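Peer 1: sequence first, then the predicted structure:
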Amino acid sequence: MTDNTSTTIPREGARFSDGFYALLIVALAPIGQMGIDIFTPSLPLIAKEFATTREVVQLSVSLYLAAFSIGQLFYGPLSDSIGRRPSLILGLILFLIGSAITLVAPTIEIFVFGRIVQGLGITCASVLMRAIATDMFKPPHLGHVLTYMVIGWGMGPIVAPVIGAAFQETIGWRYSLIFLAAYAAILLGLVLFVMKETNRKPAPFGFRRLWSSVREIYGSRRFLLIFLAMGFCYGAILCFNLVGPFIVQEAMGFGAGVFGILALGMGLVYFLGVFSNRVLPASVTPAKKFSVASSICLVAAIAQLGLAIGFDLNLWALAAPFAFVVFFSGVMYPNLMTLGVSAFPHIAGLASSLLGFSLMLVAAGIMVVSSQMHAQSLVPFAILTLALMASVFVMIRVIRP
């Protein structure tokens, strides 16, 4: 008699396995984003506490994101070689070390260094949630899981600013660091004690093979346009999170709680945009979604510039048109991700790494530009948003999904 237990998963076990990995993917999704958004309501206060400038304290966000993007080059190939599980363990431990550094940092320089370590560590979640999804699910279920993953990712900007603002106004902004560390510790426990390895065909690492795969991926013009479009959509939202606290709190005179509520609203709008992909009828094709969403984003950006010129420091002139940009970016983002991730199933870890690295690096560059903008007027922010949405409009029509 042949023992098939090593190759056949019982039906109940298969359902449990699929459910656990779907939940793990969704749980991994928001923490990297929360590492950005939980601090944004407190940026003006952090600048005062460390006796530094707006431009310097904003480096704690932009350099975190830059480290986040660079780290993705490491975890993809590593997980393809040694497995997803040990790669996740390494990254989560590194994030906890970075959290400890930022928690005790006496100066802004050490604080920013700790943020860089955090970014290098937690990027494992972003890379490996996509790789695990590709390991465990195939189309059309892969598309469904990726949609829920992006919804989970969107929960970061929904809850993080409110949590950060609440900590700041009650027990202190550093408790945001403790919250993130506790979240990472729970994830580490799940990976250590529940998760099994999902990479069933690990590939030995070799520079020649790696370079060949990188050339294959970046040789695709479609892939290049996909990550640029994703980076521009993501960068526009991050610019709001980076510049918004100073516009709302310093230029307009509102408190951190007001910006936290505004950021909560934008997060909910993004969530609804992503979730609309699950409720729209099948007759609404991805091509139609891209066409309509990119067009409305462009119109909303034009309207925002007009309102900024006409009303300038008005909360609704900032929030109302940008909400349309956020919603329809949410419509496009998971569809773009599906196009990018599913194009290279034989090197899913590397493709996931390069997609995340590229779009994050683009977004980090946009954040560096936005950190130099004049924060006493809405006009510079509106001009940047218009430039980004006009570029996305053109790229979508070249991609022709």
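Peer 2: Alright, I've got the coordinates. Numbering: from 1, shown residues only.
Peer 1: now F232: closest residue in space, sequence neighbours ignored.
Peer 2: L388 (4.5 Å; C-beta to C-beta, 6 or more residues apart in numbering). No exception for glycine: its C-beta is placed from N, CA and C like everyone else's.
Peer 1: er, G76 actually
Peer 2: In space, G76 comes closest to S353 once its chain neighbours are excluded; the distance is 2.5 Å by C-beta to C-beta, 6+ apart.
Peer 1: go on, V26?
Peer 2: G152 (3.8 Å).
Peer 1: who's in contact with that neighbour?
Peer 2: 25-30 (C-beta atoms under 8 Å, 6 or more residues apart in numbering).
Peer 1: state the distance from it to S176.
Peer 2: The gap separating G152 from S176 is 19 Å, by C-beta to C-beta, to the nearest Å.
Peer 1: now the helices for the stretch 151-300 of the chain?
Peer 2: 175-193, 207-218, 221-245, 256-279, 286-311 (DSSP state H, counting those that start in this stretch).
Peer 1: buried residues, the shortest one. List them.
Peer 2: What that stands for is helix 207-218. 210, 213-214, 217 (16 or more other C-beta atoms under 10 Å).
Peer 1: tell me the most buried of the helices of the stretch 151-300 of the chain?
Peer 2: Highest mean neighbour count of those: helix 221-245, a mean of 23 (counted as mean count of other C-beta atoms under 10 Å).
Peer 1: pLDDT of that helix, averaged?
Peer 2: For helix 221-245, mean pLDDT rounds to 88.
Peer 1: give me the local confidence score for the residue nearest to V26.
Peer 2: So G152 comes in at 81 (pLDDT).
Peer 1: and what of I217?
Peer 2: For I217, the predicted pLDDT is 87.
Peer 1: thought it was touching F344?
Peer 2: Yes - look at I217 against F344 with C-beta atoms under 8 Å: they come within range, at 6.0 Å.
Peer 1: give me the common contacts of the two.
Peer 2: 350-351.
Peer 1: stretch 382-389: which residues count as buried?
Peer 2: Residues 382-386, 388-389 are the ones in stretch 382-389 that count as buried (16+ other C-beta under 10 Å).
Peer 1: show me what that stretch is in contact with.
Peer 2: Against stretch 382-389 from outside (C-beta under 8 Å, 6+ apart): 232-233, 235-236, 239, 294, 297-298, 300-302, 304-305, 307-309, 322, 325, 366, 369-370, 373.
Peer 1: average model confidence for that stretch?
Peer 2: What stretch 382-389 shows for mean pLDDT is 94.
Peer 1: same question for stretch 95-110.
Peer 2: 94.
Peer 1: begin at 265 from now on, thanks
Peer 2: Noted, 265 is the first residue going forward, which turns the last one into stretch 359-374.
Peer 1: may I see the buried residues of that stretch?
Peer 2: Buried residues in stretch 359-374 (16+ other C-beta under 10 Å): 359-360, 362-363, 365-367, 369, 372.
Peer 1: just the CA atoms of that stretch, as PDB, please.
Peer 2: In PDB, the C-alpha atoms belonging to stretch 359-374 read as follows (Å, rounded to 0.1, in the frame of the first residue of the first chain):
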ATOM      1  CA  PHE A 359      12.000  45.500  11.900                       C
ATOM      2  CA  LEU A 360      11.800  44.900  15.600                       C
ATOM      3  CA  ILE A 361      15.500  46.000  16.000                       C
ATOM      4  CA  GLY A 362      14.700  49.200  14.100                       C
ATOM      5  CA  SER A 363      11.700  49.800  16.300                       C
ATOM      6  CA  ALA A 364      13.800  49.500  19.400                       C
ATOM      7  CA  ILE A 365      16.300  52.100  18.000                       C
ATOM      8  CA  THR A 366      13.600  54.600  17.100                       C
ATOM      9  CA  LEU A 367      11.900  54.100  20.500                       C
ATOM     10  CA  VAL A 368      15.100  55.200  22.500                       C
ATOM     11  CA  ALA A 369      16.500  57.600  19.900                       C
ATOM     12  CA  PRO A 370      17.800  60.800  21.600                       C
ATOM     13  CA  THR A 371      18.500  62.700  18.400                       C
ATOM     14  CA  ILE A 372      16.800  63.000  15.000                       C
ATOM     15  CA  GLU A 373      19.800  61.400  13.300                       C
ATOM     16  CA  ILE A 374      19.400  58.200  15.300                       C
END
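Peer 1: which secondary structure element is home to the residue lying closest to L451 once chain neighbours are set aside?
Peer 2: In space, and not counting its chain neighbours, L451 is closest to L356: 5.9 Å by C-beta to C-beta, 6+ apart. Here L356, judged by DSSP states H and E, is contained in helix 348-368.
Peer 1: burial count for P468?
Peer 2: For P468, the neighbour count with other C-beta atoms under 10 Å is 8.
Peer 1: who's in contact with it?
Peer 2: Counted by C-beta under 8 Å, 6+ apart, P468 has contacts S345.
Peer 1: before we move on, what about F591?
Peer 2: F591 makes contact with 533-534, 536-537 under the criterion C-beta under 8 Å, 6+ apart.
Peer 1: in three-state terms, label it for me.
Peer 2: Following DSSP: H, G, I helix; E, B strand; the rest coil, F591 is assigned to helix.
Peer 1: would you mind measuring from it to I501?
Peer 2: 11 Å.
Peer 1: common neighbours of these two, please.
Peer 2: By C-beta under 8 Å, 6+ apart, the residues touching both F591 and I501 are Y534.
Peer 1: now the angle from the helix holding L356 to helix 439-457?
Peer 2: 160 degrees (axes from the mean of the first three to the mean of the last three C-alpha atoms, to 10 degrees).
Peer 1: list the buried residues of the following helix or strand past helix 348-368.
Peer 2: Sequence order places helix 372-400 as the next helix or strand after helix 348-368, per DSSP H and E. Residues of helix 372-400 classed as buried: 372, 375-400 (neighbour count, 16+ other C-beta under 10 Å).
Peer 1: quick check: the gap between A564 and L579.
Peer 2: According to C-beta to C-beta, A564 stands 16 Å off from L579.
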